[in-house]
Every structure is written in C-alpha cells, then in structure tokens.
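A.B. asks: Let me see the structure of the following:
(chains A and B)
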Amino acid sequence: MAGRICPDCNVAPEPVDHVPDHRGNGIHTDDPENDGFAGLVGGRTYPDCPLPGVSAGPMLRGLRSIRATGQDPCERHARPARPADSWDSHPLYRNLLTHVGVTFSAHSATRGVTSTMSDKPHQNLAVIGHVDHGKSTMVGRLLFETGSVPEHVIEQYREEAEEKGKGGFEFAYVMDNLAEERERGVTIDIAHQEFDTDEYYFTIVDCPGHRDFVKNMITGASQADNAVLVVAADDGVQPQTQEHVFLAKTLGIDELIIAVNKMDLVDYQESRYDETVEEVKQLLKQVRFDTEDASFIPTSAFEGDNVSEESDNTPWYDGVTLLEALNGLPEPQPPTDAPLRLPIQDVYTISGIGTVPVGRIETGIMKPGNDVSFQPSDVGGEVKTVEMHHEEVDQAGPGDNVGFNVRGVGKDDIRRGDVCGSADDPPTVAETFQAQVVVMQHPSVITAGYTPVFHAHTAQVACTIESIDKKLDPSSGEVAEENPDFIQSGDAAVVTVRPQKPLSIEPSSEIPELGSFAIRDMGQTIAAGKVLGVDER
Amino acid sequence: MGKVAAKLKVMPKSPDVDLDALQERLEASLPEGAHIKGTQRDDVAFGLVALFPTVTVPDDAGGTEAVEEAFAGVEDVESVQVEEVGRI
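C.D. replies: Sure thing, here's the model as predicted:
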C-alpha cells in the first residue's frame, strides 16, 4: 500500500503505529483490514495533509468483498470501502468515528486498549424523535460516554463553540461540524457512527428528516433492529414523535427505549417525567407497540444524566441507565427460520447458464435442489445453482445478494416485483389486504377509491384504497371513527386495499420484511403502512 | 436541513457492459445538487457486477427520486435501487 497519494492534497501516506495526526486529532489510515483500530494496528498518517481531521478504518463485521474503485485518498478525504454489509447497516448519523484513531470499550475504563468490538453481536440502532428534542446531542453523548470520540476532539470544538458564542452546545456543534467535514470528503460511508457497550457493537441509524426518504427506508437493504426514542420532558409528544414511532413499528422495530430527555430543563421533576411517560404510552398504544417492551429513562443528554451513570439529580428513579438498557436489548436474530422470501430485482439471460433472477434474500434459506415458486407470476421449478460474489454457494440466507437459476423457468416467465419462495410455502398473493397506514403529507384528503402507487419490496403497483375502515385517535389510540369519509395528513387509519395488478405481500405479523409499504403519488411519499391481513387470490 | 447520503445499487444490462464507461455515464447524468461520493463494485453472480454509487442529495423535497430516475435513463442500466440512506 506504500506509495499511494491522497488525490485531494497530493500527500503520500507514511506508515505509523499509533500517532495522532498533525492536528492531534487521530490517525489517517487506509488499511481496510484494521477493523477500526487504526492507531493500534498499522494505520498510516498523511503528515502534510493540509486539511483538518483524520480517520479511522471502518469497524466492520461480516465483511464482504466489495472493491473500492477510483483513487486512493487519505481519509479525511475518504474511507476504505465499507462492504455492503447487508441490512445490518442502515440510515445513520454524522461521522464522529472518522475522527477517532482508537476505539475504546464502553464501561471497562480501558481507554487506549483495543476493544473486542468485533467479537460482539451487532445491532443497528435508530435514534428517533421530534426535531430539537435532543437527538444529535444524545448521539454525541453516547459516542462520548462510550469513548468513541476522544475528549480532546470535544474540547477543541467546545473552545470553538465558545468563541462563536455557541457555548453549551458542544455535542450538537461537534456533530454539525463533522457532518460538514464529511461532506467535503471524496467518499462517504453511510454507516459511520459506531460505539460499543459490554454486550453489543452498535451502528447508529440516522434517519433523514424528510418524508420522501421513507420509501427508501421501507424498500432499502438496511433496517434498524431497535430504536431509542428521544422525547423532551419540557415539550412532550409532538407530531414528529408520533410519525417516527409509527415508522419504527412499520419498519419492524419491536423494542423501544424511551429517553425522556432534557430533564435538566424541568428541574428533574418526577411529575414532569411521569406526565411525559404517560403521553408516550398513549402514543405507543395507538400504533400497537407493547408498552411492556418499552423502557423509560429520565435523561439529560446535555448534562449526561442517566446515560452511562446513575444521576444524583433523579433520586426518585431507580431504573437502568441508557447504556444499561442498550446492553439489555435482545440479540437480533436473522430471520433464517422464516419461509424463504426473495423479492426479484432483475432477471437476466446469461449465455451458458440460462435465466438468472437476481435479488436479496429477505427471509429464510435458499439451497440448490430447493423447489421454489415465483409469485404472482405463478411459475416454479428446482434451484440448480446459487451464486453470491461470483462464487457458487451451498446455501444463502437473509441479507445475501444472490443470482441463481431454476430449471424450467424462462426469462419471460418471471419479472421484477415477483417474490421467490419455497414451493410448499409459496409467497402470498393478495386479492385485497387490510393495512394500518399513517398519512404523512397529502395536499387534500384521501377518500375511498383513491389509487396511488404502492412500493413494497421490489414491486410498484397501483392500488385502490377500497374502503377506509377505521380512523384512530392520536391522543388515545382508540378507534375515533368507524368508516370515516376521509383521512388527511397526520391521520392514522385502517384501510382495505385492492391491488390493480397482482401483488405478493405478507401480513407483517407473519413476515415483517415483506409486510410494509410506502404510498407515493404526485412525486411524493404520502403515506407508509404495514399489512394487517391478506385476503388471498 | 443538511444532506443525505444514499447508496444506490445499479445493475448493468449484461455482464458484458464496460463498467468504467457506465460509471462515467452515471456521473454525467446526475441531477443538479447531487454528487457521487465514491462508487463501489460488488460481484453478484454469473459474471454480473453491481455498481454501488453513494450519492449526496439535499434532505428536502423529492428524496432520491430524481437521482433514481436519472440513473434509470442511462444507457446499459438494467435497474436502480436504493440500498441505504442516512444523514451525513
């Protein structure tokens, strides 16, 4: 790797052992094998790089062989390629770790010692909540408390913030600045905020604010396993809190940790905490979250209360801290036991092979010799070969991008949007289906007969909302109205939907990966939903 | 609102497509305000190689739709799919 030049600053790297960069911020590295511990295992510096900042290698697990292409920048300008490491990666926050040469273990007070992060089970963690309730500060606090960002980086920005009269907002300020730095880089790694606790290695999923990205989150490859919902004690449940909770449920998140944040602003009053908890419980009932699975923690991300250490400011609270709650999450289980579901992305004819469907396995296992069925095209056959990364494999599972060929299936027999499943438990094709939806943005009202396009897995099918069965009351979670005439932005409702062309979709209670959808019209994502039940064709 | 990075999966029409040239065409097709921040490649199966450009777009109306449409219209592109999105 010697002799490489950073294309941005024309500086050649120098191998180093554990040396901070010229700004004292950390280490430049370009070694994709070092698994995030650049400073300890042969990172390299670019001593004359004129740009501020540094990098660490990606902390990666389950690596797959994606090749980076193009030039080989020093990071500040680029990171080594991060493998398309399945949906164990998804939407995320701004990069602190590119500023960290070394990663430290959470509670173990072993700063400077290589953590055993890569040995731990991985979790994707979404941090959700209303704007200004303290999400960025909470992420900054988590990264700081787990030693994922060194104190001197915070210190540097703290001074800068004070100079600019923004003292007191260090974490949010750091996050903003690092985001700007990342944007100036040649390459960007989406999964870039990582920390570990005693039990898990977490990647933070930073959901974009705009609703038009909801479609990507529903049809995309990465999904959050669990979520921290941040609700400010001085502001309570707000519209975005509601929307995010609904989306979390739609995206298949079952465990929520609720940080009742900004407790410092309400003088750590237990009564304000209780009120907020009650409001959130009502909201959870509305979207059918089991409140027994939710843990509530009074926090101040700003002051650091109950994040890693029990706070003296909340003597009335005897529950766990946020990091303890994260540690106590159940380990995500890949859906290998579920029936095979593989939405088809493309269908090719390859000379010497024949018809090759390509897609990502959502649930179950595919092996050569399996009898499979493609729905709704309603054809099937025996799988002859399965390839992944150009290599023939004995089996492939959830998250794997595969190409395969099936005896007796021609290129024109199947198409994008079909779902491949096992022949004895074939994908469900809906005549109609009942779904719970939340309307995020619509210029007028939605009535029965409305026919927008539904995006579910790789399928895009026009569907008619045949009836609006129930409208739900956002404040109580109860049914507010049976058979309402219309619903509009902000409403949650149960509707019956009739696809205008055959569509394979599953009840989200049975196969959540194939049970959610985004509704688009007029170039916008207007609603998202999950399937409650399917009336099969 | 800040910016959003999206990793897209672009499948070529066949294993024979010149991926370097395709990458250049993708770059040229970008709508205003969008930038490619690195492109990875992944061997899929039977000689097919997927391109994974990471594209930044503003976190406001429209999402990744304009980029998806632009890429879908590029010669030798079979399909375009958003794999991951996240704020920078």
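A.B. asks: C-alpha only now, for contacts and for neighbours.
C.D. replies: Noted.
A.B. asks: Can you pull the residues of chain B lying near chain A?
C.D. replies: B:1, B:4-7, B:14-15, B:36-48, B:54, B:59-65, B:78-79, B:81-88 (C-alpha under 8 Å from any C-alpha of the partner chain).
A.B. asks: all helices in chain B, in order from the N-terminus.
C.D. replies: For chain B, the helices defined by DSSP state H cover B:19-29, B:65-72.
A.B. asks: could you dump the ones you listed to CSV with mean neighbour count and mean pLDDT?
C.D. replies: Formatted as CSV, the helices of chain B follow (neighbours: other C-alpha atoms under 10 Å in any protein chain shown; pLDDT from 0 to 100):
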stretch, mean neighbour count, mean pLDDT
helix B:19-29, 15, 96
helix B:65-72, 19, 92
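A.B. asks: As JSON lines, those with distance to residue A:447 would be great.
C.D. replies: Shown next, in JSON lines, are these (distance: least, C-alpha to C-alpha, whole Å):
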{"stretch": "helix B:19-29", "distance to residue A:447": "38"}
{"stretch": "helix B:65-72", "distance to residue A:447": "26"}
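A.B. asks: need the next SSE after the longest helix belonging to chain A, C-terminal direction.
C.D. replies: In chain A, taking DSSP H as the definition, the longest helix is helix A:270-286. Sequence order places strand A:295-298 as the next helix or strand after helix A:270-286, per DSSP states H and E.
A.B. asks: Name the strands paired with that following strand and say parallel or antiparallel.
C.D. replies: Partners of strand A:295-298 in the sheet, by DSSP bridges, are strand A:256-261 (parallel).
A.B. asks: Now the partner strand - C-alpha only, CSV.
C.D. replies: Output of strand A:256-261 as CSV, limited to C-alpha atoms (Å, rounded to 0.1, in the frame of the first residue of the first chain):
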residue,chain,number,x,y,z
LEU,A,256,-38.1,0.9,22.1
ILE,A,257,-36.0,2.6,24.7
ILE,A,258,-37.6,6.0,25.5
ALA,A,259,-35.2,8.7,26.7
VAL,A,260,-37.3,11.3,28.5
ASN,A,261,-34.8,13.9,27.7
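A.B. asks: hmm, back to that, tell me which residues of the longest helix of chain A come out buried.
C.D. replies: A:270, A:272, A:273, A:276, A:277, A:280, A:281, A:282, A:283, A:284, A:285, A:286 (16 or more other C-alpha atoms under 10 Å in any protein chain shown).
A.B. asks: What angle do strand A:256-261 and it make with each other?
C.D. replies: 150 degrees (axes from the mean of the first three to the mean of the last three C-alpha atoms, to 10 degrees).
A.B. asks: what about the helices of chain B, which gets the closest to residue A:247?
C.D. replies: The minimum distance between residue A:247 and the helices of chain B falls on helix B:65-72, with 19.8 Å, by C-alpha to C-alpha.
A.B. asks: The closest one packs against which elements?
C.D. replies: On a contact count with 3 or more C-alpha pairs under 8 Å, 6 or more residues apart in numbering or on different chains; DSSP states H and E, helix B:65-72 meets helix B:19-29, strand B:77-87.
A.B. asks: outside of it, which residues touch it?
C.D. replies: With contact meaning C-alpha atoms under 8 Å, 6 or more residues apart in numbering or on different chains, helix B:65-72 is reached by A:523, B:10, B:26, B:29-31, B:34, B:77-82.
A.B. asks: what's the answer for stretch A:468-483, then?
C.D. replies: So stretch A:468-483 is contacted by A:282-287, A:447-448, A:467, A:484-487, A:491-496 (C-alpha under 8 Å, 6+ apart).
A.B. asks: Go through the contacts of helix B:65-72 and name the one nearest residue A:296.
C.D. replies: Minimum distance to residue A:296 across the contacts of helix B:65-72 is 33.9 Å, recorded for residue B:82 (C-alpha to C-alpha).
A.B. asks: Please tell me how far residue A:374 sits from chain B.
C.D. replies: Between residue A:374 and chain B the distance is 19 Å, computed by C-alpha to the nearest C-alpha, to the nearest Å.
A.B. asks: Around that residue, count how many other residues there are.
C.D. replies: 27 (other C-alpha atoms under 10 Å in any protein chain shown).
A.B. asks: what bridges to the closest residue in space to it that isn't next to it in sequence?
C.D. replies: Take residue A:374 and drop its neighbours on the chain: the residue closest to it by C-alpha to C-alpha, 6 or more residues apart in numbering or on different chains is residue A:420, 4.4 Å away. Beta bridges link residue A:420 to residue A:342, residue A:374, judged by DSSP bridges.
A.B. asks: Now do the contacts for residue A:420.
C.D. replies: Going by C-alpha under 8 Å, 6+ apart, residue A:420 touches A:340, A:341, A:342, A:343, A:344, A:372, A:373, A:374, A:375, A:426, A:427.
A.B. asks: how many other residues sit next to the first one?
C.D. replies: The burial metric for residue A:340, expressed as a neighbour count using other C-alpha under 10 Å, is 26.
A.B. asks: isn't it right next to residue A:360, touching?
C.D. replies: No: using C-alpha atoms under 8 Å, residue A:340 makes no contact with residue A:360, being 11.1 Å away.
A.B. asks: Return the residues of the stretch 301-450 of chain A in contact with chain B.
C.D. replies: Residues of the stretch 301-450 of chain A lying close to chain B (C-alpha under 8 Å from any C-alpha) are A:345-346, A:348, A:350, A:387-391, A:401-404.
A.B. asks: Let me have the residues you listed in TSV, extended by secondary structure and pLDDT.
C.D. replies: Listed next are those as TSV, based on DSSP: H, G, I helix; E, B strand; the rest coil; pLDDT from 0 to 100:
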residue	secondary structure	pLDDT
A:345	strand	95
A:346	strand	95
A:348	strand	95
A:350	strand	92
A:387	strand	96
A:388	strand	94
A:389	coil	93
A:390	coil	90
A:391	strand	93
A:401	strand	92
A:402	strand	95
A:403	strand	96
A:404	strand	96
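A.B. asks: and the residues of chain B next to chain A, which of them are in strands?
C.D. replies: B:4-7, B:36-43, B:54, B:78-79, B:81-87 (DSSP state E).
A.B. asks: any low-confidence regions in chain B?
C.D. replies: Counting by pLDDT under 70, chain B contains low-confidence ranges at B:1, B:61-62.
A.B. asks: And the residue of it that's closest to chain A?
C.D. replies: residue B:86 (3.6 Å; C-alpha to the nearest C-alpha).
A.B. asks: Residue A:296 versus that residue, what's the distance?
C.D. replies: 26 Å (C-alpha to C-alpha, to the nearest Å).
A.B. asks: what about those two, which has more around it?
C.D. replies: Using other C-alpha under 10 Å, the more surrounded residue of residue B:86 and residue A:296 is residue B:86, with 29 against 24.
A.B. asks: Could you double-check that that one lies in contact with residue B:6?
C.D. replies: Yes: taking contacts as C-alpha under 8 Å, residue B:86 lies within contact range of residue B:6: 6.5 Å.
A.B. asks: So is the helix or strand harbouring residue A:175 next to chain B?
C.D. replies: Assigned by DSSP H and E, residue A:175 belongs to helix A:170-184. Yes: residues of helix A:170-184 contacting chain B under C-alpha under 8 Å from any C-alpha: A:179, A:182, A:183.
A.B. asks: Can you point out the buried residues in that helix?
C.D. replies: Neighbour-count burial for helix A:170-184 flags A:170-183 (criterion: 16+ other C-alpha under 10 Å).
A.B. asks: can you list those in TSV and add pLDDT?
C.D. replies: Shown next, in TSV, are these (pLDDT from 0 to 100):
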residue	pLDDT
A:170	65
A:171	70
A:172	70
A:173	72
A:174	71
A:175	71
A:176	72
A:177	71
A:178	71
A:179	73
A:180	74
A:181	71
A:182	72
A:183	73
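A.B. asks: What about the closest residue in space to residue A:516 that isn't next to it in sequence, how many residues nearby?
C.D. replies: Once flanking residues are discounted, residue A:516 sits nearest to residue A:530: 4.2 Å by C-alpha to C-alpha, 6+ apart. Residue A:530 has 28 neighbouring residues, counting by other C-alpha under 10 Å.
A.B. asks: How much space separates residue A:530 from residue A:238?
C.D. replies: 22 Å.
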